[in-house]
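Enquirer: Got a sequence here, can you build the structure:
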Amino acid sequence: MQFLAPSMFRKKNRFWAMIAMLLVAACLVGTLSHTAKAENTFVITDGEAVKVHTTTATDPARVLAEAGFSLTESDSYTTTENDGVSEINVQRVQNITVYNGNEILTSTTYGEPLGELLDRLGVTIDENAVVSVPLDTITYAGMQVRIDSLGHATERYTVEVPFETVYCDDPSLPLGEEKVLVTGVPGQAIRTSSVTYLNGEENSRTVLEESVTTEPVDQVIAVGTGEQVGQVNDQPIIGNGFIVLPSGEVLNYTRAETFVATAYTHFDSGCDEFTSNGAKVKWGVVAVDPSVIPYGTRMFIVANDGSYVYGLSTAEDCGGDIQDHRLDLYMPTLEQAYAFGVRNCTVYFLGGADWKDNA
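Expert: Coordinates of the predicted model:
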């Protein structure tokens, strides 16, 4: 029998120890290699787009590139861990335009309340400012904001009151021919308005009050009817608010009413050459009921049927039988008074006239 020397046993044990160490190292390398190839899950949010991406990569920039998200130099991202899942939140740069009155401001942000952005830009929002977007709105790409400044003032100024053009028939003119009897003249008025200014320029104006200081003079145009061509027109032309006398003088009246008219003369019993207020009687003196037509009222009187024109007159007398809508017209002779008799007449109250209706 052959026996091995002790040294031989020692060499053989060292050999198997080395083999065991190599096997352990190989297992460790395999385990590490498997760990390195473990996959990670990322939830990527880019605005309204959300994507779940699984990868062996751990660098967020590489993860974003693998998932197909392209970022510019101005874009950024943040990362967080939530229950073992990595989250990447992409922050895109936003270009914002602010129209502050006549000034245009541009800025970039990654999403913040509009009020904070305006503070950063040094834009002051006061009580007169009108912002097109609420200040708590979160900014977004391409956002446009308009800020206007409103101002208010009360102004008092003079304006022109335009005249009107009125037409009347004139039988002495050829058919269709026109003649200006009175040239129109604009009036004036004091106007008070509330004015709104937008960025220093007038935006709206509301009239609060207007007071006419000078009445306009209507332009009066006669239109020929051709009925009395070549004849002298001795009759007044009466239109809406005006009377044109044969002399060309224009009278303006404020109101027209019908009265029952009689005639009297200073030869009548109980009458003399003076009125009740001491004035001497003459053509144009009219006895009235002073409670209806005050003394001094100027009038133009014609018969309703056009048969008689008494003309310009003034309320200067009274009588016991002259009450309510009754008139008594002075005439120089009894013959004229009898010829007039009793007629329904239209009384045109001239400018500045006053009267009372007791009916």
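Enquirer: did I read that right, residue 190 in a helix?
Expert: No: counting by DSSP: H, G, I helix; E, B strand; the rest coil, residue 190 is not part of a helix but strand.
Enquirer: Looking at strand pairing, list the partners for it.
Expert: Residue 190 forms beta bridges with residue 158, residue 211, as assigned by DSSP bridges.
Enquirer: which stretches of the stretch 101-250 of the chain have low pLDDT?
Expert: For the stretch 101-250 of the chain, not a single residue meets the criterion pLDDT under 70.
Enquirer: and residue 149, what is it in contact with?
Expert: 101, 128-130, 198-200 (C-beta atoms under 8 Å, 6 or more residues apart in numbering). All C-beta spots, glycine's among them, are computed from the backbone N, C-alpha and C.
Enquirer: Can I have the buried ones of those as a PyMOL selection?
Expert: The following PyMOL line selects those of the contacts of residue 149 that are buried, judged by 16 or more other C-beta atoms under 10 Å:
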select buried, resi 199
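Enquirer: Now render the contacts of residue 149 as CSV, adding distance to residue 223 and secondary structure.
Expert: What follows is these, written out as CSV (distance: C-beta to C-beta, whole Å; DSSP: H, G, I helix; E, B strand; the rest coil):
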residue, distance to residue 223, secondary structure
101, 56, coil
128, 56, coil
129, 59, strand
130, 55, strand
198, 49, strand
199, 52, coil
200, 51, coil
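Enquirer: Pretty sure residue 313 sits against residue 329.
Expert: Yes: the criterion here is C-beta atoms under 8 Å, and residue 313 meets it with residue 329 at 7.1 Å.
Enquirer: what sits in contact with each of those two?
Expert: 286, 301.
Enquirer: now the spatially most central residue of the chain, nearest residue through space, not along the chain?
Expert: Nearest to the mean C-alpha position of the chain, counting by C-alpha atoms, centre = their mean, stands residue 204 at 5.0 Å. By the measure of C-beta to C-beta, 6 or more residues apart in numbering, the closest residue to residue 204 outside its immediate chain neighbours is residue 196, 4.6 Å from it.
Enquirer: how about the strands in the stretch 201-350 of the chain?
Expert: Assigned by DSSP state E, counting those that start in this stretch, the stretch 201-350 of the chain shows strands spanning 201-214, 219-224, 237-239, 242-244, 250-264, 285-287, 298-303, 309-317, 326-330, 343-350.
Enquirer: Could I have the CA atoms of the second one written out in PDB?
Expert: The reference is to strand 219-224. Only the C-alpha atoms of strand 219-224 are listed here, as PDB (Å, rounded to 0.1, in the frame of the first residue of the first chain):
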ATOM      1  CA  GLN A 219     -85.300 127.800 -41.600                       C
ATOM      2  CA  VAL A 220     -88.600 128.500 -43.300                       C
ATOM      3  CA  ILE A 221     -89.000 127.700 -47.000                       C
ATOM      4  CA  ALA A 222     -92.000 128.700 -49.000                       C
ATOM      5  CA  VAL A 223     -93.100 126.200 -51.700                       C
ATOM      6  CA  GLY A 224     -95.200 127.600 -54.500                       C
END
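Enquirer: Begin at 309, not 1, for the rest of this chat.
Expert: With 309 as the first residue, the last one maps to strand 527-532.
Enquirer: Can you list the strands that it pairs with?
Expert: Its sheet considered, strand 527-532 pairs with strand 473-478 (parallel), strand 486-490 (antiparallel) by DSSP bridges.
Enquirer: and what of the last one?
Expert: In the sheet containing strand 651-658, the strands it pairs with under DSSP bridges are strand 558-572 (antiparallel), strand 606-611 (antiparallel).
Enquirer: Out of the ones you listed, indicate the one that is most buried.
Expert: strand 606-611 (a mean of 20; mean count of other C-beta atoms under 10 Å).
Enquirer: I'd like to check the angle between it and strand 617-625, please.
Expert: Interaxial angle of strand 606-611 relative to strand 617-625 (axes from the mean of the first three to the mean of the last three C-alpha atoms, to 10 degrees): 130 degrees.
Enquirer: from the chain's centre, how far out does strand 606-611 sit?
Expert: Here strand 606-611 is found 46 Å from its chain centre; the criterion is C-alpha atoms, centre = their mean, to the nearest Å.
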